[in-house]
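Asker: One predicted model, sequence on top.
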Amino acid sequence: MSTSEDAGAVYRRYLSAVLLHGQASAKAVDLGATDLYALNILELGGSMTPGELGRRTGLTTGPTTRLIDRLEQAGYVRRVPAPDDRRKVIVELVAGPGGLDEALAPARQKIGAIVQGYSPQERAVLFDYFARAADAYLEATTELHGERTG
């Protein structure tokens, strides 16, 4: 790579490919991309209030309610009373979409083969980058939301 522009283009192509694959994966299991993203948030973050799920997905109250309704109707989540305040509701994951592992398998195999081509030290750097970049993206997202609402 000769210039930082080349690096930027490669990185943007990578991010676009990840997003397109996420959309295709969601479609393969008859979900919208935001629906699948919300299920991933619940799987990684555990049960949460609708407000927290809305913040994490970037949705306002109305679309968050419709999202939860769709996921509940499909049997993926349920609303339960909060243990500390029965007036509050918690959204909890019940099941993941059937067929998702099969839809993700080809990409997982291809990416796994790429990662296995790196030395243990190189893999450590890659996964350090993924962890730190995820935090940086989440922080930047919070800042963007603050700029829009603040």
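Answerer: All right, it came through fine.

Asker: rest of the way, CA atoms for contacts and neighbours
Answerer: Noted.

Asker: Reduced to three states, what does residue 123 come out as?
Answerer: For residue 123, the assignment made with DSSP: H, G, I helix; E, B strand; the rest coil gives helix.

Asker: Tell me how many other residues surround the residue nearest to it when sequence neighbours are not counted.
Answerer: Excluding its sequence neighbours, the residue lying closest to residue 123 (C-alpha to C-alpha, 6 or more residues apart in numbering) is residue 115, at 6.8 Å. When neighbours are defined as other C-alpha atoms under 10 Å, residue 115 has 15 of them.

Asker: mind checking how far residue 115 is from residue 124?
Answerer: 10 Å (C-alpha to C-alpha, to the nearest Å).

Asker: tell me which element the residue positioned nearest the centre of the chain is part of?
Answerer: What sits nearest the mean C-alpha location of the chain, by C-alpha atoms, centre = their mean, is residue 37, with 4.2 Å. If you go by DSSP states H and E, residue 37 is part of helix 33-45.

Asker: for residue 13, same thing?
Answerer: Residue 13 belongs to helix 4-28 when assigned by DSSP H and E.

Asker: List the residues that contact residue 67.
Answerer: The neighbourhood of residue 67, defined by C-alpha atoms under 8 Å, 6 or more residues apart in numbering, consists of residue 35.

Asker: immediately after whichever strand or helix holds it, which helix or strand?
Answerer: Assigned by DSSP H and E, residue 67 belongs to helix 61-73. Per DSSP H and E, the first helix or strand lying C-terminal to helix 61-73 is strand 77-82.
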